[in-house]
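> got a predicted structure plus its sequence, pasted below:
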Amino acid sequence: MKKYCFTCIVIVFLLLAAGHVSAQQGVNDTLVTGAIVYMGDTIEAKTLPFVSLFSRLTDAQRRARAEWTRLRNAIYVTFPYAKRAGLVMNDVNAHLVGITDKDKRKKYINSREKELKREFADPLTNLSIYQGKVLMKLINRETGNNCYEIIKEYKGGFLARFYQTVAFFFGTNLKQAYDKAGNDAEMEKIVQEVERMYGYRS
């Protein structure tokens, strides 16, 4: 009987001690953590630290990056001139609609040409050949006409052919088109970036 009582007392003591320990753990060792419910099951959620991976560029990747940077720089330099060219052409065309006399048309075109030379002669002569090629593409984009057609319209076919010959020796073509969905898709992305930068687009 004494042995039985002693055993009961030990069990009660152990239960009380266990309860005291679990209570201590609940107060001092509780960790608050995030969780998500996935397919009815609650799972602890943790954010892992970022892992940075670095690798060396291949020669082809370096060349592609250099070509893209060169194109982007050229567009940033020449786009304002192309935009201005588009505005001038629209204005000239609007004035020429009401002028039917050939001499008056020629006089008006020459006056606008002198005005543009004063405004753009210095900055345009400082462009590189590559930037000039990009500018011709952008003028086509802004006006819908290539540079050969523009020169032919305003200055005549002879001068257009002459400048086309000169362009050929510099490795370019006045008749080059702007294909924003094809060969010039990368250029178009950069142009849209520049348009946002200069406030031409929202």
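Nice, thanks for sending it over. None of the values given here were measured: they were computed from a predicted structure.
> for the rest of this, base every contact and every neighbour count on C-alpha atoms.
Will do.
> can you report how many residues lie near F50?
F50 is flanked by 6 other residues according to other C-alpha atoms under 10 Å.
> can you read off the pLDDT for it?
At F50, the pLDDT value in this model is 90.
> that one should be in a strand, yeah?
No: membership of F50 in a strand is not supported by DSSP: H, G, I helix; E, B strand; the rest coil, which gives coil.
> distance of N173 from T58?
Plainly put, N173 is 32 Å away from T58 if you go by C-alpha to C-alpha, to the nearest Å.
> what about these two, which has more around it?
In terms of neighbours (other C-alpha under 10 Å), N173 is the more surrounded of N173 and T58; the figures are 20 against 9.
> ok, the more buried one - contacts?
Applying C-alpha atoms under 8 Å, 6 or more residues apart in numbering, we find N173 in contact with 164, 167.
> now the helix or strand containing R105: buried residues?
Under the criterion of DSSP states H and E, R105 resides in helix 102-125. By 16 or more other C-alpha atoms under 10 Å, the buried positions in helix 102-125 come out as 105, 109.
> off-centre distance for it?
34 Å (C-alpha atoms, centre = their mean, to the nearest Å).
> name the next helix or strand downstream of it, please.
Toward the C-terminus, helix 102-125 is succeeded by helix 129-143 as the next helix or strand (DSSP H and E).
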